[in-house]
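1. Turn this into a model:
(2 chains)
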Amino acid sequence: MKSSNIWIGEKDLTKDPSFIEESQLEFRQDNQELAEGIVESNGNRRDFLKILGFGVGAATIAAGCDIPVKRAIPYVVKPDEIVPGVATYYASSIVQGGDFCPVLVKTREGRPIKIEGNKASEITQGGTSARAQAAVLSLYDTNRYKNPLKITDEAIEKHSWDTILKEVSSNMSADSVRIVTNTVMSPSLKAAMNGLAGEENVISYDPVSAAAMLDANESTFGVRAVPNYHFDKAEVIVSFNADFLGTWVSPIEFSRQYIAGRNPEKRKMSRHVQVESHMSMTGSNSDNRILVKPSEQGAAIAHLCNAIIGGISVPNLNDKAKAGLTRVAAELRNAAGKSLVISASNNPAEQVLVNAINNALGNYGSTLSFDGASHQRQGDERGLYQLITDIKAGKVNTVIFNDCNPLYDFSGAAQLAEALASVDNKVGLLYAPSETAELCNYILPVHHNLESWGDVEAKKGTINLLQPTISPLFDTMQAGSIFLALSGAENTDYLAFMKENAQTAFSAQSNFASFDMYWDNALASGGMSSTSESASTSFVADVAAAAANVSKPSNSALEISFFETINIGNGQYATNPWLMETPDPVARTSWGNYLAVPVNFDGVKRFFGMGEMNLKDGDMVNVRVGEKTVKVPVIQQFGQMPGTVSLALGYGRTNSGPCASGVGVNVNDCLVVVDNYTQYYNSDVEILGRAGKEDHFSCVQYHHTLGVTAEDSETGETINADETALAPGYGGIGKGYQGALTDRSIIFTSHVDDLDDNIHDLKHFREHAEHLNSKTLYPYEDYKEDFYTQGHHWGLHVDLNSCIGCSACTVACMSENNVPVVGKKEVSRHHEMTWLRIDRYYYGDVDNPNTVYQPMMCQHCDNAPCENVCPVNATNHSSEGLNQMAYNRCIGTRYCANNCPYKVRRFNWLDYTTADIFPANQVKLNNEDVPFGADNLTRMVLNPDVTVRSRGVIEKCSFCVQRLQEGKLTAKAEGRKLKDSDITTACVTACPTGALTFGDVNDKHSAISKKLKSDLNYNVLEEINVRSSVTYTMKVNNRDNSLDA
Amino acid sequence: MSSPVSNIREPLITGHKSYHDITEDLVSPTERTPSAGWIIGFALSVLTLLFGVFCILWTIWHGIGTWDLNRTVNWGWDITNFVWWIGIGHAGTLISAILLLFRQKWRTGVNRAAEAMTIFAVMCAGLFPLIHMGRIWMAMFIFPYPNTRGPLWPNFNSPLLWDVFAISTYFTVSLLFWYTGLVPDFATVRDRAKGFRRKVYNFLSFGWTGSAKHWQRWESLSLVLAGIATPLVLSVHTIVSFDFATSVIPGWHTTIFPPYFVAGAIFSGFAMVLTLMLVVRKILKLEDYITIGHIESMNKVILVTGTIVGVAYLTELFISWYSGYVYEQFAFFNRAMGPYYWSYFGMMFCNVISPQFFWSKKIRRNLWWTFFLSIVINIGMWFERFVIIATTLARDYIPSSWSYYSPTWVEIGIYLGTFGLFFTLFLIFTRVAPVVAIAEVKSILKTAGDQYTGPNAIHGHGHDHSAHTHGEELETVSAVSSVSETTDEGTVVEREIVVPPHTGSEDDLKKIEGIGPKIERALKDRGIRSFQALSGMSVEDLQYILDTSEGNFTGNSPESWAQQANLAAEGRWAELKELQDRLDGGKF
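-> Okay, the predicted model is just below:
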């Protein structure tokens, strides 16, 4: 073919002469020019090659920089304390405001993954709380501040620490600096803050105030502190609305003490009377609840005081409470010196009366004292009101917020925000965005608790230490160092500062010769205690004057009380997904606050929420509180006093990250302030009416009772109200219908006085069950002999008398076993994944029931119904009595979950862990950009010993098999027999009251073997022959039935 | 092979069919172009099927969380539909296997369609155990095959594994049985077909020649398969019931489940057969093969099995009370009075009350009633499974975990999708295979055809009619009726009307333009029952009949009737249509 025949375009084809000419000019001059125009170089071929070479090289280097960080980097020089695959524990403390928990932090490959209690602590003795357990997750909060920021109207600028600290300190003018903080228990931090602003300019307040109690103690005893309580020594405990087992002052410590005073085995139980309107967790654990309206609390305290001391005037109080308190007074007098009266009231006059009662009963020095007084509440919100005044007077040019959030949780938040507008420098030493951060113009991000050095003096004379368990993840700074830097100190090393402060404690002791030895020992054990001289106090008060100042009962038809939840407090913990997902122990709700309304039984067959209004769970209602109207979902709450409702604080956060923002409603601005003391109730409240249904009503328990009784309105007989109310038909056909609820062998309860009879009945039941179970075709006895009594056989004992429902175990389990967080919508569809749930049932009188908490996890049945129905053997039995799951093998038929009588198996309905092969399934929390746990930061919290489950498989409690294995290996490596102490499960270590005991049932000397000898024991659903390995005890109460009359 | 049949017995084939008629009637639907109704039905079915496929893919892609099942109710519509569809299939197997062994001749009219229904229903059912799995891509784990995981075998204790075997066996045997029956019929279709179609049917019929040896082997195989299938009728649903009965959940853990499930399955299966066949016989004009007698027989089965199911329900209630076992008592009380009470009472009404209407012969033989009740029963049986599964799980041992369950659009979509699959397959089936088993129907023609038995029989028994084919002289019937006539004179003259010889079959004379129901009755009273008879009548005689019958027929003229009837008798329908277009009310 001739070349002329080839044409490429139209011009070729038509042989356009100008085109042909152009095409011949391969190296034309204007081509060169054109190229120059672009590259602006006198480029020739060589240059081109140079540029090419450089370009490729540069691109390679640049691309090299973008290579994702390799996640498995071997150590060149291995740090001493890190052995891959072996956990290292550091003693530290979890501190958040006044909340305090000494802990051991479990780290793996240098990252903290789990919080355990520190048994060396005298205060908590190894107990933890849900809040402490969850602290490790907030370390990996994707939302936390990562750099110092300067915020102006135009922009958010990142600055280096040097420049920003210089700028802040140059803007500060002496004497016009105020530091706002929650309770600070750290002597060193306090010193650093005082050094910067002067002690009088450090304003301390608490998200839920105890200011009145502090003031009352100051006025009556001259000590501004919370006394050191000994609940274990009290035979009669009267608590006026103080949730001392859940949220009040030092719940971990109090829980252990409280349970120590209640031992049904020895027939020795304290009597606990709770005076309140809404069912608090502490109230649910009490023997008796005396119902008073929130505004009647003062009258109730005055009434009790009058009954004991006499001679004071008492405002009106409902008759039932009056009668009850009179009887309680008699009981208190009988237990003089061995009783305890406490109140959460934020009215100083009422607290004075409480002190007067304790004083009259001679309780000071026995059940409470100012020796080793608590520092866990030091706040006074009046300081904040003073701050507002000072700002308005122009006395303030810099306000520093030390890890607190007054613009959310302070009752005068709106006034404060308004005042702050005129302050030049608003500096936030904050961890993550919050309502307060929104107003700051400098954000100085602080370390997480687990990245920090620190000391805590939670109780006078007992110092615990914080030590970093991971190097700071981001460009943050220790709060103490910031204060030191701002105050112009040359050495901003906070550790050195702390050590310096510890010198006095060192010199006061005699056990250690050198400071280093003293310090190292303190670090290793988590703390040090120095003997504190006992304070001599004497009671001085004008009781009659105080009685005149108690809050006056309101005539309002409806009152509302506000309370902090055990999970998220007053919002301090709202950004933690584990705590958000953990159901409230009483209401069993999560992801939001729900208006608790009283339940009325009509005496025939129906329950009505809020009487006439007939509100149902999940109904949305508009509630007007004072001037604010909020739209909240309803939960019917047994034990809620008629004429009152209650609503939790801490929700409805804004600007606080995806977990907290917009979940629930904020009611901090509904609080009433009297004499600048915040009152946690409001009498000006009205339910305006229904407003539809909650879209995602996240309550994990729909049925709340196991045998509550009521009086039949027709016959006057006592009937099982919940049974008759179960279904439309029960009222007619099934009045007292056998077995609907009462005869279920799930919960056994007894009064302590009837214990012998009930133990006899229980024994009979167990014998009958065993009789039924022995009638089997299969040789269970042979199995038992050949297998179950050989080697280890793991068992768990749950003492229902010690379980207070605090949920520490639930969160510990989530943390240990990588249990996913599923979010509000999924919880509302009953897709929660918790391996360990705490069932809560009410029993007894319908208006004022008793409560039993029942931790429910896989029962590891030896004759497990789940095992034989699995078509693929994905779940099977180990030779040590464990019911095991092979996630790899599971195909997700969910037959096992159906056939589980305890309903403890959990199915991965969607891709909750982002471990799926399909990318589009990830469940988002509150429209988060990235699903929870999908990012590498949050994934650092995962326990590498536990498989992350993918979508479509069943999972459940494994008795922490990874811990069992670790314990066995330890014993093996040390060439000895396994000891009881080698092995604990996450839930057991978390429990503050020792309600859970885990161990080898075949080891006759193990703790569990001893527990299994109790007459109170039973297995749930014993008669269905599943042979569970979890044993419960009968729940015993010490109710004084005469109080109900 | 004909056995003596009582004259009282209703004929199973009407219309005085010859062997050729049968072939013609049953094969022609596969040869015609589909009707508009079929096309619309097919399009709807395929659309529903596609939506179902979408919902299934949605489930697989996103997870079972797209359904509203929860930690308490882990099975819902998925397993309800599974059990329901499996149950639907049972009638086919019962008809083809057990009724074959019992030599029930009426089965021949419906067995083919019922078996096809079985297969399609099992296909629909088989979907659910697969898609209800959390990880369907690991579904092979349930099969015992040598593997490198140990080897790791499935758990032979698990009823779900038994299901796998039961259902796959059931499907295989049903398919074989159905196909075996189709072989001679495919050959019949082939013999009438041309070209490619002939090749396809030749392949499908395995080269069937109809030799005696073929027939002999075919008969043997049918018997053997019937023998295998018979225990399957009982075992499949027994094993499905084990999914529940072997559990520890009160309300599931009952020994009555196997017989009760089997009875329920047959009950719902027959209801479904009726629903389908009532439509099919109408559309494909199979009234002569699926007669009212067939329908009545099936209604009787429904009555019996429905009553068994009712007894089972009451027994369960009694045992729960009698057991003294609290959870069992509560479970049954909860079914009736708990949050799902509506489904319990729905079930009770549909399954126990509604079949009792069939005690009435009138209702048994009424097409509309039958159709309506068959649908009611299908709904009721769905409720039964839902009650057993969802109600039981929603409130079992531990009250803290009680919950409620209702389906999402995805679950509903999948259920609809299985209907789409079922009807798509069924509609294709009506187009490619004879809906009634030709060979089997022919085999009973001599003993159950209406020209041989029943009130209109024209053949005596005991004759040998083996050479009887279309086109040969038919035995005829004729009728002579005397009609009194009042003349103008007032005297009564008897006029003799002679109806010409004709075959005894009865035709729809209303097809003749000008004849309405009243005239038809008048003519039939006089013995003029068929087109053939009518074609031989004179205009005068017909006019005379009109004049002397009750009613005012002055506007009607019989002048064209004979001509029309002649065309109709000879099957020249097109010409008749043409003629009728020209006629005005039957008048020229």
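2. Tell me where the stretch 301-450 of chain B has strands.
-> Assigned strands in the stretch 301-450 of chain B: none (criterion: DSSP state E, counting those that start in this stretch).
3. The residue of it at minimum distance from chain A: neighbouring residues, count only.
-> Relative to chain A, the nearest point of the stretch 301-450 of chain B is residue B:326 (2.6 Å; C-beta to the nearest C-beta). Where you see a C-beta, it was placed from the backbone N, CA and C, and this is true even at glycine. As a burial measure, residue B:326 scores 19 neighbours (other C-beta atoms under 10 Å in any protein chain shown).
4. Then residue A:779?
-> Burial of residue A:779 is recorded as 10 neighbouring residues (other C-beta under 10 Å).
5. Check the spacing between it and chain B real quick.
-> 16 Å (C-beta to the nearest C-beta, to the nearest Å).
6. How about residue A:893?
-> Per C-beta to the nearest C-beta, residue A:893 is found 6 Å from chain B.
7. Name the spans of the chain whose pLDDT lies under the cut-off.
-> Picked chain A for this. Within chain A, the segments meeting pLDDT under 70 span A:1-13, A:19-43, A:58-75, A:530-535, A:727-739, A:916-931, A:1045.
8. Hmm, no, I was thinking of chain B.
-> B:1-8, B:454-505, B:586.
9. Check it for the residue nearest chain A and tell me.
-> In chain B, the residue that lies nearest chain A is residue B:134 (2.0 Å; C-beta to the nearest C-beta).
10. which stretch of helix or strand covers whichever residue of chain A sits closest to chain B?
-> Residue of chain A nearest chain B, by C-beta to the nearest C-beta: residue A:892 (2.0 Å). Here residue A:892 sits in a region with no helix or strand, counting by DSSP states H and E.
11. Report how many residues lie close to the residue nearest to it when sequence neighbours are not counted.
-> Closest residue to residue A:892 apart from its sequence neighbours, by C-beta to C-beta, 6 or more residues apart in numbering or on different chains: residue B:134 at 2.0 Å. Residue B:134 has 21 neighbouring residues, counting by other C-beta under 10 Å.
12. Over to the one 10 residues further on?
-> Residue B:144 has 14 neighbouring residues, counting by other C-beta under 10 Å.
13. Make sure it is actually in contact with residue B:153.
-> Yes. Counting by C-beta atoms under 8 Å, residue B:153 is a contact partner of residue B:144 at 5.4 Å.
14. surely residue A:466 meets residue A:449?
-> Yes. Assessed by C-beta under 8 Å, residue A:466 is found in contact with residue A:449 at 6.6 Å.
15. Please say which of these two ends up with more neighbours.
-> Neighbour comparison, residue A:466 and residue A:449: the larger count goes to residue A:466, with 28 against 25 (by other C-beta under 10 Å).
16. distance of residue A:889 from residue A:688?
-> 55 Å (C-beta to C-beta, to the nearest Å).
17. Between these two, which has more neighbouring residues?
-> Neighbour comparison, residue A:889 and residue A:688: the larger count goes to residue A:889, with 18 against 11 (by other C-beta under 10 Å).
18. tell me the SS of that one?
-> coil (DSSP: H, G, I helix; E, B strand; the rest coil).
19. still on that earlier bit, got a list of what the residue of chain A closest to chain B touches?
-> A:907, A:908, A:952, A:953, A:954, B:64, B:133, B:134, B:135 (C-beta atoms under 8 Å, 6 or more residues apart in numbering or on different chains).
20. What of residue A:1011?
-> Counting by C-beta under 8 Å, 6+ apart, residue A:1011 touches A:797, A:799, A:997, A:1017, A:1031.
21. what are the phi and psi values for residue A:595?
-> Backbone torsions of residue A:595, given as degrees, to the nearest 10, read phi -80, psi 110.
22. Likewise for residue A:584?
-> phi -60, psi 130.
23. do the same with residue B:552
-> Dihedral pair for residue B:552: phi -110, psi 100, per degrees, to the nearest 10.
24. Pull the number of nearby residues for it.
-> Applying other C-beta under 10 Å, we find 9 residues neighbouring residue B:552.
25. Next one: it from residue B:520, what distance?
-> Per C-beta to C-beta, residue B:552 is found 16 Å from residue B:520.
26. and if you look at residue B:227?
-> In terms of C-beta to C-beta, residue B:227 sits 49 Å off from residue B:520.
27. Pick out whichever of these two has more residues nearby.
-> Neighbours were counted for residue B:227 and for residue B:520 using other C-beta under 10 Å; residue B:520 has more, 18 against 12.
28. Just the element for the more buried one, please.
-> Element membership for residue B:520, per DSSP H and E: helix B:517-525.
29. hang on, the earlier thing: now the common contact residues for residue A:466 and residue A:449.
-> Counting by C-beta under 8 Å, 6+ apart, the common neighbours of residue A:466 and residue A:449 are A:92, A:93, A:95.
30. which one of those residues has the most neighbours?
-> Among these, the one with the most neighbours (other C-beta under 10 Å) is residue A:92, at 30 neighbours.
31. which residues sit against the helix or strand where it lies?
-> Using DSSP H and E, the element containing residue A:92 is strand A:88-96. With C-beta under 8 Å, 6+ apart as the test, strand A:88-96 has contacts from A:81-82, A:100-108, A:115-116, A:118, A:120, A:131-132, A:135, A:182, A:185-186, A:449-450, A:454, A:456, A:464-467, A:469, A:523-527, A:572-573.
32. Of those, grab the buried ones for PyMOL.
-> To isolate the buried members of the contacts of strand A:88-96 in PyMOL, using 16 or more other C-beta atoms under 10 Å in any protein chain shown:
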select buried, chain A and resi 100+101+102+103+104+105+106+107+108+115+116+118+120+131+132+135+182+185+186+449+450+454+456+464+465+466+467+469+523+526+527+572+573
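33. out of the contacts of strand A:88-96, which are inside helices?
-> If you go by DSSP state H, these have A:131, A:132, A:135, A:523, A:524, A:525 in helices.
34. so how far is residue A:506 from the fifth one?
-> From residue A:524 over to residue A:506 the distance is 16 Å, taken as C-beta to C-beta.
35. For the stretch 201-350 of chain A, just list every one of the strands.
-> Under DSSP E, counting those that start in this stretch, the stretch 201-350 of chain A gives strands at A:202-204, A:226-229, A:236-240, A:262-263, A:268-269, A:271-276, A:288-291, A:339-343.
36. quick one: the second one to chain centroid distance?
-> Counting by C-alpha atoms, centre = their mean, to the nearest Å, strand A:226-229 is centred 23 Å from the centre of its parent chain.
37. Convert the C-alpha atoms of that strand to PDB, please.
-> These are the backbone C-alpha positions of strand A:226-229, laid out as PDB (Å, rounded to 0.1, in the frame of the first residue of the first chain):
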ATOM      1  CA  VAL A 226     -18.700  15.700 102.900                       C
ATOM      2  CA  PRO A 227     -18.300  13.400 105.900                       C
ATOM      3  CA  ASN A 228     -16.800  10.000 105.800                       C
ATOM      4  CA  TYR A 229     -19.800   7.700 105.700                       C
END
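38. one step back: the residue of chain B closest to chain A reaches residue A:895, doesn't it?
-> No. Look at residue B:134 against residue A:895 with C-beta under 8 Å: they stay out of range, at 11.4 Å.
39. quick revisit: from the middle of its chain, how far away would the following helix or strand past the helix holding residue B:520 be?
-> Using DSSP H and E, the helix or strand that follows helix B:517-525 in sequence is helix B:531-535. The chain centroid and the centroid of helix B:531-535 are separated by 34 Å, computed with C-alpha atoms, centre = their mean.
40. Cheers, nothing more for now.
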